[in-house]
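Colleague: Can you look at this prediction? I've put the sequence above it.
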Protein chains: 6
Amino acid sequence: MKCIIPDERIDYDGSQIGSLWAYAQFKVQEDSIVSFRGSCDVSAYHMIDLEDRMNEEKIESPDMIHFIVEHFDSTSLALAYTRQRLLACIALEALIDRKVLVTRSGDDLYYDGEKMSVAIASTSAVSHKIHFGINVHSEEWGSLAKGGLTDAEADALLAEIGSRYAAEHADIERDMRKSRPLGVFT
Amino acid sequence: MKCIIPDERIDYDGSQIGSLWAYAQFKVQEDSIVSFRGSCDVSAYHMIDLEDRMNEEKIESPDMIHFIVEHFDSTSLALAYTRQRLLACIALEALIDRKVLVTRSGDDLYYDGEKMSVAIASTSAVSHKIHFGINVHSEEWGSLAKGGLTDAEADALLAEIGSRYAAEHADIERDMRKSRPLGVFT
Amino acid sequence: MKCIIPDERIDYDGSQIGSLWAYAQFKVQEDSIVSFRGSCDVSAYHMIDLEDRMNEEKIESPDMIHFIVEHFDSTSLALAYTRQRLLACIALEALIDRKVLVTRSGDDLYYDGEKMSVAIASTSAVSHKIHFGINVHSEEWGSLAKGGLTDAEADALLAEIGSRYAAEHADIERDMRKSRPLGVFT
Amino acid sequence: MKCIIPDERIDYDGSQIGSLWAYAQFKVQEDSIVSFRGSCDVSAYHMIDLEDRMNEEKIESPDMIHFIVEHFDSTSLALAYTRQRLLACIALEALIDRKVLVTRSGDDLYYDGEKMSVAIASTSAVSHKIHFGINVHSEEWGSLAKGGLTDAEADALLAEIGSRYAAEHADIERDMRKSRPLGVFT
Amino acid sequence: MKCIIPDERIDYDGSQIGSLWAYAQFKVQEDSIVSFRGSCDVSAYHMIDLEDRMNEEKIESPDMIHFIVEHFDSTSLALAYTRQRLLACIALEALIDRKVLVTRSGDDLYYDGEKMSVAIASTSAVSHKIHFGINVHSEEWGSLAKGGLTDAEADALLAEIGSRYAAEHADIERDMRKSRPLGVFT
Amino acid sequence: MKCIIPDERIDYDGSQIGSLWAYAQFKVQEDSIVSFRGSCDVSAYHMIDLEDRMNEEKIESPDMIHFIVEHFDSTSLALAYTRQRLLACIALEALIDRKVLVTRSGDDLYYDGEKMSVAIASTSAVSHKIHFGINVHSEEWGSLAKGGLTDAEADALLAEIGSRYAAEHADIERDMRKSRPLGVFT
């Protein structure tokens, strides 16, 4: 899969979760993870999480690192959400490498007890997608800044999580191609 | 899914990776994770990883904590391996909570640069399964003992990883049931 | 799966067949069957059956017992329709237990030669659903009243069909977890 | 799908549940239901139900009507077992038409409180299959004879259940081809 | 699958690629290939190919033979596009039989270096579809006329490609029902 | 996917159709097509086609070009056989480019009315595979030699068909990533 890091900031407004966004923006015709920085402000119209939508929750942040993953190999929701959790774990590992001791609960990361991320996953008839975002700055919530990362370190983190996820996917694809089928216990 | 912790030790010899082992042993008729302690000695006959089998690698350890996961909702290899990676991440998180600073590369955990785990995943026509094992004691390789955990702490860890995996699965199943389908970027 | 019986009447207008209706109404995050009583009046806009829609058929009834089933384990139309047939059979069995000698043809139940039910099944990208309704009272069509059931008996029937379907589903899930893969005839 | 009724008796010994049996015997290259009469005696070797196998249960009967169903459209265990239940319901309906008031619990039929049937379903990598058998004569268990059917009526029943199952399948396939996708409740 | 050749011309405007079009027009409740002749003029609104849509390409032709294929057995994009390529190959074979030496690149046919066809494939939640069109007359592009075919020959070709595709599909379905599962190389 | 052309001849005996053969021989951990030259002699034991096996047909040839395709993205038999047909078409196109006017019927190629190829496809729990072979020399059957190709031209053909199949697969994967989901005709 392709790991894409656009030059410019992109403000996440929920339209990026639509299938084929990466193709429309970057002409990529592979599975992809796009990593970028920008604000986050999702209107109810674009909310995939029906819980948030019904509660008229605002999902907003002035400054986040964002990851948009799109896979075309399956439209399984179980696979979409398992990959989302794996992406959250990869982010946690990259932060722990930087001595930022975050914890994870489901698809959320926490720093010092404060939630610092947003996440969703879903599927259309042609692809499944994940959005995962981590606050860089936030007064109200946890953030990379509170964890001690500078803006430049946030940008480096963004690139590293993207390339780690792509490498993990390639590694899984290789493992799938050397495993014998299971026998049955008798 | 059911989290099972047998009272007795079970020595892993590769037969436990067969489909329906958990049913045959514990009469469980749900998806399951069985967590147990015992040695590890896998003959070529039972090796699922064709790479190990061809290299006539010995997979052995005197004392491990083991996890056997079985899911019947899909026979997708991609899902099997993604769940395997997630299980490895959950183990890493539980170790970091205990101040054992392990790192992960694919399906392997490392302590102080030494590999401390074995892992495989595959599928039959009826279910997919994961085996994941972590050394408790090992002269040659990394181990929980080298990381400072006592035997009792290894047993507690075994139980915690099992229940965390089951909880994570339940959480994913709930998330799948509140997500609207994706639209398409236009 | 969860069996839900709301306290109030719900008039079926076709909107209930949409994915995630049960979540939106009852916060349920499991597969579910919702059993309720109310009228039935489906506008062309909500018609899933293209045959009815094109024929501008009116689907209406003053008083029905309704069942809304939603499964998230697959988006297979074949599975959706096979489960719909099984639900119709379960309704038939519950009626025969009450000495109401109905017969079934496909997804329709008949009493004394008169059609007494409506049914549809379909899928979105995230779930598949079934609507099945049986007339309690109807001048024009067959009904439970014509079969000799009182209003209170119709309410009891509604609850029983819902819980039977949920029990059947649990039973199937258990059977799936004790079956060895097939060999091949040689 | 093809409904096949061989001229001769076939004694069911478990080999018939193997994938491609119908092709090997009858050269059929469609999905199929083969309906026949014969004894039933399944050795542990051929047992698909691991519960029976482990309990060393004997599955035997001197005289049964048998149905062997094979579908190649999917290897989903959920679909295999749902189709198995539907076949049991179709058998129940055909018996009730004959005034034999059987009841069903899961994949078993009962007459006068006595179990009168055996059933299994499973999948290989290429097809899924169902075996369903109903006692014609049995001292120990329920049977069609106890329900008042003659041998000739048992033969007619065998043919009718086979053709009803095939007709039901054709009806489902047609319904799948006139249903609009679901919208989402908002 | 059913091969349908309507009596009248149909001008392709992109609406025909929608799921269930064949049912709505011809009441067919099988998988189908509809072969017809008419112009081609697809507005951006109906464009499935996002590349064309974004480039505001005009897809138009005064006179084409068209093929609309719909399958309900799967919603796999990989299968949809592989079937599309196979349809293009079948068209090529039928043309070579007529001494029109076309070549193929992906989903496009070329005559004398000039592109003479349009093609798309995609899926909804209920079916996958293919549109394939070949110019009969065109000043700008390759066409059957340039290849030496008369209008009557174009009509015969239209019928033959339709029936060849349906026959190929039936042949594949038969092959699927006589193949043993693969073993594993050891 | 990887296109592999081994230096040495490989005599096809049916063992090469087993899943993971390409991994065991060439350590490839991608989907692959292996193109090689050698004799063909398949014992009944290795026959995947049950028709051949039952008829005790001998499948043998002194000299063939062979193609072994393995995909791990799906275990769908429909996809396996559709890809097999596409491979046969690609071989036909490469031959027509060389003025060898072969024709195709299903998975067989014919030269001058003589069958010149063998083919099979099937699936295990982990991958699906295709074997396709074309006679280079054969007294009894059609062959490339009868079509006028030299031995060196047969070797060049072998390489070209392999790389064309791999390129076609890459092209399909790209097309899958730019197609909007289908709407529904209303």
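Modeller: Nice, I can see it.

Colleague: which parts of the strand ranked longest in chain A are buried?
Modeller: Secondary structure assigned by DSSP state E gives strand A:59-71 as the longest strand of chain A. Judged by neighbour count using 16 or more other Cβ atoms under 10 Å in any protein chain shown, the buried positions of strand A:59-71 are A:59-61, A:63-71. (Each C-beta comes from the backbone N, C-alpha and C, glycine too.)

Colleague: before we move on, what about stretch A:140-159?
Modeller: Within stretch A:140-159, the residues that qualify as buried are A:141-147, A:149, A:153-155, A:157-158, counting by 16+ other Cβ under 10 Å.

Colleague: neighbouring contacts of it?
Modeller: Residues external to stretch A:140-159 that are found in contact with it (Cβ atoms under 8 Å, 6 or more residues apart in numbering or on different chains): A:5, A:35-37, A:61, A:65, A:94-95, A:98-100, A:102, A:109-116, A:134-138.

Colleague: List buried members of the residues you listed by neighbour count.
Modeller: Members of these classed as buried by 16+ other Cβ under 10 Å are A:35-37, A:61, A:65, A:94-95, A:98, A:100, A:102, A:109-111, A:116, A:134-136, A:138.

Colleague: Inside helices: which ones of the residues you listed?
Modeller: For the buried ones among the contacts of stretch A:140-159, membership in helices holds for A:94-95, with DSSP state H as the criterion.

Colleague: Inside strands: which ones of the buried ones among the contacts of stretch A:140-159?
Modeller: A:35-37, A:61, A:65, A:109-111, A:134-136.

Colleague: could these go into a markdown table alongside pLDDT and distance to chain B?
Modeller: As requested, those are exported to a markdown table (pLDDT from 0 to 100; distance: Cβ to the nearest Cβ, whole Å):
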| residue | pLDDT | distance to chain B |
| --- | --- | --- |
| A:35 | 98 | 18 |
| A:36 | 98 | 15 |
| A:37 | 98 | 20 |
| A:61 | 91 | 21 |
| A:65 | 98 | 20 |
| A:109 | 97 | 11 |
| A:110 | 97 | 12 |
| A:111 | 97 | 14 |
| A:134 | 97 | 17 |
| A:135 | 97 | 20 |
| A:136 | 97 | 23 |
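
Colleague: tell me which of the residues you listed is nearest to chain E?
Modeller: Of all those, residue A:36 has the smallest distance to chain E: 20.4 Å, by Cβ to the nearest Cβ.

Colleague: Please tell me I have it right and that closest one contacts residue A:10.
Modeller: Yes - the pair residue A:36 / residue A:10 is scored as a contact, 4.5 Å apart, by Cβ atoms under 8 Å.

Colleague: which residues are common contacts for these two?
Modeller: residue A:66.

Colleague: Just list whatever residues bridge to the residue most central in space within chain A.
Modeller: Nearest to the centroid of the C-alpha atoms of chain A, with distances taken as Cα atoms, centre = their mean, sits residue A:132, at 2.9 Å. With beta bridges defined as DSSP bridges, residue A:132 has these partners: residue A:67, residue A:119.

Colleague: Pretty sure it sits against residue A:88.
Modeller: Yes - taking contacts as Cβ under 8 Å, residue A:132 lies within contact range of residue A:88: 6.5 Å.

Colleague: With distance to residue D:30 added, can I get the ones in strands among the buried ones among the contacts of stretch A:140-159 in JSON lines?
Modeller: Listed next are those as JSON lines, based on distance: Cβ to Cβ, whole Å:
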{"residue": "A:35", "distance to residue D:30": "51"}
{"residue": "A:36", "distance to residue D:30": "53"}
{"residue": "A:37", "distance to residue D:30": "57"}
{"residue": "A:61", "distance to residue D:30": "58"}
{"residue": "A:65", "distance to residue D:30": "55"}
{"residue": "A:109", "distance to residue D:30": "54"}
{"residue": "A:110", "distance to residue D:30": "57"}
{"residue": "A:111", "distance to residue D:30": "61"}
{"residue": "A:134", "distance to residue D:30": "55"}
{"residue": "A:135", "distance to residue D:30": "59"}
{"residue": "A:136", "distance to residue D:30": "61"}
